[in-house]
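In: Please work out how this folds:
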Amino acid sequence: MNELVIRKGKREDMHDVHRLIRELAIYEKAENEHTNSVEELIEDGFGDSKLYDVIVAELDGKIVGFALFYTSYSTWKGRSLYLEDFIVTEKHRGKGIGKLLFDKVYTIAKERNVARFEWQVLNWNTPAIEFYQKYKVKFSDEWLNCKIEFK
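Out: Residues are numbered from 1 along each chain as shown. Model (predicted):
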(Lines give C-alpha, C1' and ligand atoms only; values in the text may rest on other atoms or scores of the structure.)
Protein backbone atom coordinates (compact mmCIF):
# COMPACT_ATOMS: atom_id res chain seq x y z
CA MET A 1 0.00 0.00 0.00
CA ASN A 2 1.14 3.48 -0.70
CA GLU A 3 -0.80 6.39 0.83
CA LEU A 4 -3.82 5.20 2.85
CA VAL A 5 -6.01 7.75 4.61
CA ILE A 6 -9.07 7.08 6.77
CA ARG A 7 -11.10 10.28 6.86
CA LYS A 8 -14.54 11.77 7.26
CA GLY A 9 -16.54 11.42 4.08
CA LYS A 10 -17.42 14.47 2.00
CA ARG A 11 -20.33 15.28 -0.28
CA GLU A 12 -18.16 14.72 -3.35
CA ASP A 13 -17.28 11.20 -2.15
CA MET A 14 -20.85 9.96 -2.46
CA HIS A 15 -20.48 8.80 -6.08
CA ASP A 16 -17.71 6.45 -4.97
CA VAL A 17 -19.64 5.42 -1.86
CA HIS A 18 -22.65 4.66 -4.06
CA ARG A 19 -20.43 2.50 -6.30
CA LEU A 20 -19.25 0.56 -3.25
CA ILE A 21 -22.83 0.17 -1.97
CA ARG A 22 -23.69 -1.37 -5.33
CA GLU A 23 -20.71 -3.73 -4.97
CA LEU A 24 -21.91 -4.70 -1.49
CA ALA A 25 -25.45 -5.32 -2.77
CA ILE A 26 -24.09 -7.63 -5.47
CA TYR A 27 -21.91 -9.47 -2.95
CA GLU A 28 -24.90 -9.92 -0.64
CA LYS A 29 -26.97 -11.28 -3.55
CA ALA A 30 -29.40 -8.36 -3.26
CA GLU A 31 -28.52 -6.14 -6.21
CA ASN A 32 -32.18 -5.47 -7.06
CA GLU A 33 -32.86 -4.25 -3.52
CA HIS A 34 -30.42 -1.35 -3.85
CA THR A 35 -32.59 1.64 -4.81
CA ASN A 36 -30.90 4.56 -3.04
CA SER A 37 -29.45 7.23 -5.35
CA VAL A 38 -26.34 9.36 -5.11
CA GLU A 39 -28.59 12.39 -4.70
CA GLU A 40 -30.37 10.78 -1.73
CA LEU A 41 -27.03 9.89 -0.16
CA ILE A 42 -25.91 13.50 -0.48
CA GLU A 43 -29.16 14.96 0.88
CA ASP A 44 -29.41 12.49 3.77
CA GLY A 45 -25.77 12.76 4.79
CA PHE A 46 -25.01 16.40 4.08
CA GLY A 47 -28.37 18.19 3.88
CA ASP A 48 -30.30 20.17 6.47
CA SER A 49 -31.52 17.06 8.30
CA LYS A 50 -28.36 14.96 8.41
CA LEU A 51 -29.19 11.30 9.07
CA TYR A 52 -25.82 9.56 9.05
CA ASP A 53 -22.05 9.88 9.23
CA VAL A 54 -19.61 8.26 6.85
CA ILE A 55 -15.90 7.65 6.88
CA VAL A 56 -13.92 6.56 3.85
CA ALA A 57 -10.70 4.72 3.17
CA GLU A 58 -8.77 6.50 0.46
CA LEU A 59 -5.80 4.77 -1.15
CA ASP A 60 -3.63 6.90 -3.41
CA GLY A 61 -6.52 9.34 -3.85
CA LYS A 62 -9.11 6.66 -4.70
CA ILE A 63 -11.90 5.61 -2.31
CA VAL A 64 -11.62 1.87 -1.71
CA GLY A 65 -13.87 1.48 1.33
CA PHE A 66 -16.33 3.17 3.63
CA ALA A 67 -18.29 2.78 6.84
CA LEU A 68 -21.69 4.45 7.21
CA PHE A 69 -23.21 4.75 10.69
CA TYR A 70 -25.71 6.72 12.75
CA THR A 71 -26.91 7.21 16.29
CA SER A 72 -29.84 5.08 17.35
CA TYR A 73 -31.60 4.85 20.66
CA SER A 74 -32.34 1.95 22.98
CA THR A 75 -35.02 2.36 25.62
CA TRP A 76 -33.01 -0.02 27.78
CA LYS A 77 -29.49 1.31 27.18
CA GLY A 78 -29.79 4.84 25.75
CA ARG A 79 -27.66 6.13 22.87
CA SER A 80 -26.23 3.52 20.52
CA LEU A 81 -24.14 3.69 17.39
CA TYR A 82 -25.42 1.57 14.52
CA LEU A 83 -23.05 0.56 11.73
CA GLU A 84 -25.31 0.34 8.69
CA ASP A 85 -22.77 -0.66 6.05
CA PHE A 86 -19.07 -1.29 5.94
CA ILE A 87 -17.12 -2.46 2.87
CA VAL A 88 -13.70 -2.53 1.33
CA THR A 89 -13.71 -3.15 -2.40
CA GLU A 90 -12.80 -6.74 -3.23
CA LYS A 91 -9.48 -5.83 -4.87
CA HIS A 92 -8.23 -4.25 -1.63
CA ARG A 93 -9.46 -6.76 0.96
CA GLY A 94 -6.98 -8.55 3.18
CA LYS A 95 -4.68 -5.53 3.49
CA GLY A 96 -5.88 -4.26 6.88
CA ILE A 97 -8.05 -1.47 5.44
CA GLY A 98 -11.25 -2.96 6.87
CA LYS A 99 -9.69 -3.18 10.32
CA LEU A 100 -8.68 0.48 10.16
CA LEU A 101 -12.22 1.51 9.13
CA PHE A 102 -13.87 -0.65 11.78
CA ASP A 103 -11.46 0.52 14.49
CA LYS A 104 -12.22 4.14 13.56
CA VAL A 105 -15.98 3.60 13.94
CA TYR A 106 -15.31 1.79 17.24
CA THR A 107 -13.29 4.80 18.42
CA ILE A 108 -16.07 7.18 17.37
CA ALA A 109 -18.57 5.08 19.35
CA LYS A 110 -16.35 5.32 22.44
CA GLU A 111 -15.86 9.08 21.94
CA ARG A 112 -19.63 9.57 21.69
CA ASN A 113 -20.03 7.66 24.94
CA VAL A 114 -22.72 5.38 23.54
CA ALA A 115 -24.03 2.42 25.51
CA ARG A 116 -23.55 -0.01 22.65
CA PHE A 117 -22.14 -0.38 19.15
CA GLU A 118 -24.17 -2.69 16.93
CA TRP A 119 -24.62 -3.93 13.38
CA GLN A 120 -25.85 -6.94 11.42
CA VAL A 121 -24.01 -9.59 9.44
CA LEU A 122 -25.50 -12.17 7.12
CA ASN A 123 -25.28 -15.66 8.60
CA TRP A 124 -23.56 -17.02 5.47
CA ASN A 125 -20.91 -14.26 5.30
CA THR A 126 -18.12 -16.32 6.84
CA PRO A 127 -15.28 -13.85 6.10
CA ALA A 128 -17.18 -11.05 7.88
CA ILE A 129 -18.14 -13.27 10.81
CA GLU A 130 -14.52 -14.37 11.23
CA PHE A 131 -13.42 -10.72 11.08
CA TYR A 132 -15.89 -9.72 13.82
CA GLN A 133 -14.97 -12.70 16.01
CA LYS A 134 -11.53 -11.13 16.48
CA TYR A 135 -13.33 -8.40 18.43
CA LYS A 136 -15.09 -10.80 20.80
CA VAL A 137 -18.46 -9.76 19.40
CA LYS A 138 -21.65 -11.06 20.97
CA PHE A 139 -23.73 -12.70 18.22
CA SER A 140 -27.45 -12.94 18.93
CA ASP A 141 -29.35 -16.11 18.21
CA GLU A 142 -32.51 -14.92 19.94
CA TRP A 143 -33.60 -11.89 17.92
CA LEU A 144 -35.13 -11.98 14.45
CA ASN A 145 -34.75 -9.07 12.06
CA CYS A 146 -38.03 -7.47 11.01
CA LYS A 147 -38.76 -4.83 8.41
CA ILE A 148 -41.47 -3.31 6.28
CA GLU A 149 -40.26 -1.91 2.96
CA PHE A 150 -41.87 1.10 1.30
CA LYS A 151 -39.37 1.48 -1.51
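
In: Name the residues of the lowest-mean-pLDDT helix or strand in the chain that are buried.
Out: None of the helices or strands of the chain scores lower by mean pLDDT, DSSP states H and E than helix 126-133, at a mean of 93. Buried positions in helix 126-133, judged by neighbour count with 16 or more other Cβ atoms under 10 Å: 128, 131-132. Bear in mind the C-beta positions are built from the backbone N, C-alpha and C, glycine included.

In: Output the contacting helices and strands for that helix.
Out: Secondary-structure packing of helix 126-133 (3 or more Cβ pairs under 8 Å, 6 or more residues apart in numbering; DSSP states H and E): helix 97-111.

In: is it possible to export the buried residues of helix 126-133 to JSON lines including distance to T75?
Out: Output for these, formatted as JSON lines (distance: Cβ to Cβ, whole Å):
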{"residue": "A128", "distance to T75": "28"}
{"residue": "F131", "distance to T75": "30"}
{"residue": "Y132", "distance to T75": "25"}
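
In: Return the angle between stretch directions for the least confident helix or strand of the chain and helix 97-111.
Out: Going by axes from the mean of the first three to the mean of the last three Cα atoms, to 10 degrees, helix 126-133 is angled at 40 degrees with respect to helix 97-111.

In: Show me the helices in the protein, by range?
Out: Taking DSSP state H, the helices of the chain run over residues 14-27, 38-46, 97-111, 126-133.

In: And the last one, how far out from the chain middle?
Out: Meaning helix 126-133. Distance of helix 126-133 from the chain centroid (Cα atoms, centre = their mean, to the nearest Å) equals 15 Å.

In: And stretch 130-148, by the same measure?
Out: Centroid separation between stretch 130-148 and its chain, computed with Cα atoms, centre = their mean, is 15 Å.

In: list the buried ones in it?
Out: For stretch 130-148, by 16+ other Cβ under 10 Å, it's 131-132.

In: Could you work out the end-to-end span of that stretch for me?
Out: Stretch 130-148 stretches 30 Å from its first residue to its last (Cα to Cα, to the nearest Å).

In: Out of the helices of the chain, flag the one nearest G61.
Out: The closest of these to G61 is helix 14-27. By Cβ to Cβ, the value is 10.9 Å.

In: Not counting the longest strand seen in the chain itself, show me its contacts.
Out: Ordering each strand of the chain by length in residues (DSSP state E) puts strand 62-74 first. Strand 62-74 is touched from outside by 9, 13, 16-17, 20, 45, 51-58, 79-89, 91-92, 97-98, 101-102, 104-105, 108, 112, 114-116, 118, with contacts defined as Cβ atoms under 8 Å, 6 or more residues apart in numbering.
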